[in-house]
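Peer 1: sequence and predicted structure below; questions after.
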Amino acid sequence: MYEIRIHGRGGQGVVTAAELLSVAAFLDGRHAQAFPSFGSERTGAPVMAFCRLDDVPIRSREPVSRPHALIIQDPTLLQNAGSLFAGLRPPGHVLINSTRDVAELSLPASPQAVSVPASQLALRHLRRPVPNAALLGGFAALTGLVSLESVLAAIRERFAVDIAAGNAAAAEEAYELVRALRREPTRA
Amino acid sequence: VLSQIEGSQAVARAVAGCRPSVVCAYPITPQTHIVEDLNRLVKSGRLTPCEFVNVESEFAALSVAIGASAAGARTYTATSSQGLLFMAEALYNAAGLGLPIVMTVANRAIGAPINIWNDHSDTMSQRDSGWIQLYARTNQEAADLHVQAFRLAEQLSLPVMVCMDGFVLTHAVEQVDVPEQAAIDHFLPSFAPRQALDPDDPVTIGALVGPEAFTEVRYLAQTRHDRALALIPETAAGFERAFGRASGGLVSTYRHDGARIVVVALGSVLGTLEDAVDDARHAGIAAGVLGLGSFRPFPHQAVRDALSGADRVIVLERALAPGGSGIVSADVRAALAGLQVPLHTAVAGLGGRPVTMSALRSAIDRAAVGALEPMSFLDLDVTRIEDELVSIARSTP
């Protein structure tokens, strides 16, 4: 079982990100479970959502407290990085929505972290700074746990044609950016 | 069709497949997504003929459902928490009138303190309303139980609540094989009401019944619930034959063979509990699970049979009856009458507190060494209430 925790703020599509990730894994033929940290759905408030992936049916219903990976949709949440990174299992994949290189972000205990300017990608392709779909493209590149094809298919299944096209383009570009970063060992 | 969808959406599609001709509901978290999805299905013409009735309250929602059902319509509604309490008077009427309404309850705590999160306080509080209460373990089962619920309700002339954990199931996105329309049509005959309000053929439904017959009418309610004990497993077996998967039934067991400690629970916590029991078995503790699929009627004999070989029983309570000794525990204790099986009540997961594998493991571990209290609250943090505890202690003479 592989567990992912997504952190962001209300309005950034955190819950949708977990759902799309689960749909992508489903399309890849795996079992997946996505659910929000319930009740905290106010715009701007910190929000968490969870996703579990496995090759067998998933039984657990408890929130993900020991994730294998984190997706951080809002870099301002890093002010509270200690609680954000709580329970992260080593080596710990971390994907951060930021225009800054991870070396410039003061992250705890040097986890395997990568940043991608997902809001800027979304602004360019979608004209809205909603970073969730772009980050899923980056996540596919970072972990290889879901295929880019399935991420794009999940996006197209979920959104109306024009919004899907913008999100898909942002996801593809994020995928390429993260793939390029992964080829540069000095940044890892 | 196998889909990766939200539990609420899976339930809405399954309900739509049952072709209700009246759906009414008043929005309340965490039930709302279900009726929103049904509303879309009605508006788009995918569920037709069906009248979606917007009402001004939960009391009105169930009252409309009662009227529609009495007029011969297959009728559905859904609610949660305070909404179910607001229906309370009408709940007893629906059952007393023998109206086969199906209602989803997205289980949620009852205030005060106000709390929108999951536990079983709402449905447990309506234990004696006369409704059949089925509890879903997964979203697959939640979807499937609705198909079974309409069949049971109409065969028994009793309303059925399908209870699914709010948020934990309603808002979880996972794989569900949504029952196919053709298979539902084959499994669920069209509704043939026992009697219906019809101006051309007038009948009275809901007349005054005095002391000369009230006991007999109530006896019929008990008899119908006794009949449900046979029909629920028959319906589940028929469903499995028709749909190729096991869903529903009175009870379910997991690693039950040779289990010395059996944990009894209902609803979605059974999933995490199975993980906890695997973990306990790995550590050499012979633990097992008894899941209750039906709470009303309570399957006393099936529970007794399943627990008679256990050394200890832990009953997980997802609701609290203050001053009592556990709502589900009381029934389990009655089922075990005469057997020397110690029973522990563990109150867990109130108001959305996650029931974790580690808390369950800890309860099982303590039971294994005889250290679990007769009644305990899992993950209780007394440091948050120390002052109040002192003040309560001082107030006693």
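Peer 2: It's in. Residues are numbered from 1 along each chain as shown, chains lettered A, B, ... in the order given.

Peer 1: what does the model give residue 26 for pLDDT?
Peer 2: Assuming you mean chain A. In this model, residue A:26 is scored at 98, pLDDT.

Peer 1: please refer instead to chain B.
Peer 2: The per-residue pLDDT of residue B:26 was computed as 95.

Peer 1: wait, it sits on residue B:82?
Peer 2: No. The pair residue B:26 / residue B:82 is not scored as a contact, 10.8 Å apart, by C-beta atoms under 8 Å. Where C-beta positions appear, they are placed from N, C-alpha and C, glycine not excepted.

Peer 1: so which of the two has more stuff around it?
Peer 2: Relative neighbour count places residue B:26 above the other of residue B:26 and residue B:82, with 23 against 17, counting by other C-beta atoms under 10 Å in any protein chain shown.

Peer 1: next up, phi/psi of the more buried one, please.
Peer 2: phi -120, psi 130 (degrees, to the nearest 10).

Peer 1: quickly note the distance from it to chain A.
Peer 2: Using C-beta to the nearest C-beta, to the nearest Å, residue B:26 is found at 20 Å from chain A.

Peer 1: pull the contacting residues for that residue.
Peer 2: Residue B:26 makes contacts with B:55-58, B:60-61, B:79, B:83, as judged by C-beta atoms under 8 Å, 6 or more residues apart in numbering or on different chains.

Peer 1: what about 7 Å?
Peer 2: B:55, B:57-58, B:61, B:83 (C-beta atoms under 7 Å, 6 or more residues apart in numbering or on different chains).

Peer 1: from the residues you listed, list just the buried residues.
Peer 2: Among the contacts of residue B:26, the ones that count as buried by 16 or more other C-beta atoms under 10 Å in any protein chain shown are B:55, B:58, B:61, B:83.

Peer 1: restricted to helices, list these.
Peer 2: Among the buried ones among the contacts of residue B:26, the ones falling in helices (DSSP state H) are B:58, B:61, B:83.

Peer 1: show me what the residue nearest the centre of chain A is bridged to.
Peer 2: Centroid-nearest residue in chain A: residue A:71, 3.9 Å away (criterion: C-alpha atoms, centre = their mean). Taking DSSP bridges, one obtains residue A:6, residue A:95 as the residues bridged to residue A:71.

Peer 1: surely it and residue A:95 touch.
Peer 2: Yes. Residue A:71 is within contact range of residue A:95, at 4.9 Å (criterion: C-beta atoms under 7 Å).

Peer 1: overlap in contacts, the two.
Peer 2: Common contact partners of residue A:71 and residue A:95 (C-beta under 7 Å, 6+ apart): A:135, A:139.

Peer 1: quick one, longest helix in chain A?
Peer 2: helix A:161-182.

Peer 1: may I see the buried residues of that one?
Peer 2: By 16+ other C-beta under 10 Å, the buried positions in helix A:161-182 come out as A:163-164, A:166-175, A:177-178, A:181.

Peer 1: so where do the helices sit in chain A?
Peer 2: Under DSSP H, chain A gives helices at A:14-27, A:81-84, A:118-126, A:132-143, A:148-158, A:161-182.

Peer 1: so for the shortest one, mean pLDDT?
Peer 2: When you say that, I think you mean helix A:81-84. Computed over helix A:81-84, the average pLDDT equals 89.

Peer 1: just give me the closest of the buried residues of helix A:161-182 to chain B.
Peer 2: Lowest distance from chain B to those (C-beta to the nearest C-beta) belongs to residue A:164, with 16.8 Å.

Peer 1: pretty sure that closest one sits against residue A:156.
Peer 2: Yes. The pair residue A:164 and residue A:156 passes the contact test of C-beta under 7 Å, sitting 4.6 Å apart.
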